[in-house]
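> here is my input; please provide its structure:
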Amino acid sequence: MRLAFLFISIFIFFPPFLASASVVINEIFYDASGSDEKHEWLEVYNPVSVTYDLSGWKFFEASVQHSLTLSQGSFSLSSESYAVIVDDASTFLNDYPSFSGNLYDSTFSLSNTGEQISLLDGPSGNTIDSVTYSSSWGG
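Just a heads-up that it's a prediction; the model follows:
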C-alpha cells in the first residue's frame with residue numbers, strides 16, 4: 001500500500017517532468033519490517049520509446065556512487081520496461097521468488113528517515129533522475 005502511494009505521488013507531483021524524462025526512479029523500498037539489511041531496493045522505469053543500455057550506470061546515495069552488477073536479465077531497458085536495483089540479489093529473489101525481470105545487484109543502505117537518491121548514466125556521470133524521499137511517504 002505504501003509503495004503504491006509513493007508511485008502515485010511521483011506521477012501526481014511530477015507529470016511534466018516524466019513526459020520528457022528518460023529512466024525514472026519510481027519505487028523505493030527503504031524500510032522493511034524487521035531488519036532492513038539486504039532487503040532494500042528501488043525500481044526504475046523507462047517511460048519513453050528509446051531503449052537504454054544501463055551498463056556502467058551508477059546508483060548514488062549517501063555521497064557514494066554504487067556500481068550496478070547484472071544479476072538477472074539484461075542491461076538493456078526497453079521502452080515501458082522496469083528494472084530493480086537491489087542491496088542483495090539473493091535476498092531479493094528469496095523475498096520475491098516469482099520476479100523474472102532485469103535485476104541489478106549493488107551495495108547500499110537507504111536511510112529510514114529519508115535522503116536524496118540519484119541514478120547516473122555511465123559515460124558522463126550525468127544525473128538521469130533524482131528523488132528525495134521522506135519517511136512520511138511510508139517505506
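> make it CA atoms for all contacts and neighbour counts henceforth
OK.
> quick one: the strands in the chain?
In the chain, the strands defined using DSSP state E lie at 24-29, 41-46, 52-53, 58-61, 64-67, 69-72, 76-77, 81-86, 102-105, 114-120, 127-134.
> rounded mean pLDDT for the last one, please.
Averaging pLDDT along strand 127-134 yields 95.
> for stretch 93-104, same thing?
97.
> re the thing from before, can you redo the strands of the chain as TSV with distance to Asp95 and mean neighbour count?
Putting those into TSV (distance: least, C-alpha to C-alpha, whole Å; neighbours: other C-alpha atoms under 10 Å) gives the following:
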stretch	distance to Asp95	mean neighbour count
strand 24-29	12	21
strand 41-46	11	20
strand 52-53	27	15
strand 58-61	22	20
strand 64-67	22	16
strand 69-72	15	17
strand 76-77	23	17
strand 81-86	11	22
strand 102-105	13	22
strand 114-120	23	19
strand 127-134	23	15
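> pLDDT at the most far-flung residue of the chain relative to its centre, what is it?
Distance from the C-alpha centroid of the chain, by C-alpha atoms, centre = their mean, peaks at Gly34 (21.1 Å). The model reports Gly34 with a pLDDT of 83.
> one more: Val86?
97.
> how about it, what does it touch?
Lys38, His39, Glu40, Trp41, Leu42, Phe92, Leu103, Tyr104, Asp105, Ser106, Thr107 (C-alpha atoms under 8 Å, 6 or more residues apart in numbering).
> and the residue nearest to Phe60 when sequence neighbours are not counted, what is it in contact with?
Counting by C-alpha to C-alpha, 6 or more residues apart in numbering, Phe60 lies nearest to Ser118, which is 5.0 Å off, once chain neighbours are set aside. Contacts for Ser118 were tallied using C-alpha under 8 Å, 6+ apart; they are Phe59, Phe60, Glu61, Thr127, Ile128, Asp129, Ser130, Val131.
> pick the one among those residues closest to Thr51.
Ile128 (14.2 Å; C-alpha to C-alpha).
> I'd say the closest one and Leu120 touch.
Yes - with contact defined as C-alpha atoms under 8 Å, Ile128 counts as touching Leu120 (5.4 Å).
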